[in-house]
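Student: Pasting the sequence and the predicted coordinates here, then a few questions.
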Amino acid sequence: MKALSIKSLQQEFERDYYMYIPLTIILNSCIGSVAAMTVLAQGTSLISGIELTLCVSLCMGYNAALLAGSDRKFAFWLLAVSLAVNILLILITLL
C-alpha cells in the first residue's frame, strides 16, 4: 500500500496535471460555494464580509493561476490552501 503524503500528492498532481485541472476546478468551486453559502447564512457583518472575501479570493486565485499557466507546484499549493481554508470556514460557521 502506498503511503499518503504531501510529497506523493504533489508528485501525482504534477505528473497528471492536465487530468487534474478540470477535476480540481470543479472540486474547489463546489467546496468554495458551500463555504460562501454557510458564511452568508450567518448574516451580514464585518467578520462575515472578511470570511467571504477570503473564500472567494482563494477560489478565484486558484482558477486564475490555472488559466495563467503558472507553475504546477504553485498551483498545487494554492489548491491545498484554498481547500483547507474553505473547509475550515465551513466547519467554523456550522459549529
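Tutor: Alright, I've got the coordinates.
Student: Rounded mean pLDDT for the helix ranked longest in the chain, please.
Tutor: Ordering each helix of the chain by length in residues (DSSP state H) puts helix 17-41 first. On average, the pLDDT along helix 17-41 is 94.
Student: same thing with stretch 73-88?
Tutor: Summarised as a single mean, pLDDT over stretch 73-88 is 95.
Student: residue ranges of the helices in the chain, please?
Tutor: 6-15, 17-41, 46-68, 72-94.
Student: follow-up on the earlier one: report the buried residues of the longest helix of the chain.
Tutor: Neighbour-count burial for helix 17-41, counted by 16 or more other Cβ atoms under 10 Å, picks out 20, 24, 25, 28, 31, 32, 35, 36, 38, 39. The C-beta positions use only the backbone N, C-alpha and C, and glycine is treated the same way.
Student: Contact partners for the last one?
Tutor: Looking back up the chat, that one is residue 39. Residues in contact with residue 39 (Cβ atoms under 8 Å, 6 or more residues apart in numbering) are 48, 51, 52, 55, 89, 93.
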